[in-house]
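Visitor: pasting a predicted model and its sequence here:
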Amino acid sequence: MTGMARRLRSDEDGQDAIEYSLVVGLIALVCLGALTLFGNAFNGLWQSVATKVDEATALI
């Protein structure tokens, strides 16, 4: 039993994968938060661009 406990404490095979998945999860949360905060501003920006493109193509 103590041999198995020692082996589990010193085993670091999955540690990197867990750390990377935590970092990816944190980045995803930050991106989601940014989209939530700035979503309306970006929507207004793209609506403005779409309007300008429509106006420019109407002149052709």
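Guide: Perfect, I can see it now. Numbering: from 1, shown residues only.

Visitor: strands of this protein, start to end?
Guide: In the chain, no strands are defined using DSSP state E.

Visitor: and the longest helix for it?
Guide: Longest helix in the chain, counting residues (DSSP state H): helix 15-58.

Visitor: now it: average pLDDT?
Guide: Confidence over helix 15-58, taken as the mean pLDDT, stands at 92.

Visitor: which strands and helices sit next to that helix?
Guide: On a contact count with 3 or more C-beta pairs under 8 Å, 6 or more residues apart in numbering; DSSP states H and E, helix 15-58 meets no helix or strand. Every residue, glycine included, has its C-beta placed from N, CA and C.

Visitor: quick one: it to chain centroid distance?
Guide: 9 Å (C-alpha atoms, centre = their mean, to the nearest Å).

Visitor: again, but for stretch 53-60
Guide: 35 Å.

Visitor: contacts for that stretch, please.
Guide: Applying C-beta atoms under 8 Å, 6 or more residues apart in numbering, stretch 53-60 has no contact partners.

Visitor: just the CA trace of it, in PDB.
Guide: C-alpha atoms of stretch 53-60 as PDB (Å, rounded to 0.1, in the frame of the first residue of the first chain):
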ATOM      1  CA  VAL A  53     -20.400  48.600 -48.100                       C
ATOM      2  CA  ASP A  54     -24.000  48.700 -49.100                       C
ATOM      3  CA  GLU A  55     -23.800  52.400 -49.900                       C
ATOM      4  CA  ALA A  56     -20.600  51.900 -51.900                       C
ATOM      5  CA  THR A  57     -22.000  49.100 -53.900                       C
ATOM      6  CA  ALA A  58     -25.300  51.000 -54.600                       C
ATOM      7  CA  LEU A  59     -23.200  53.600 -56.400                       C
ATOM      8  CA  ILE A  60     -21.800  51.100 -58.900                       C
END
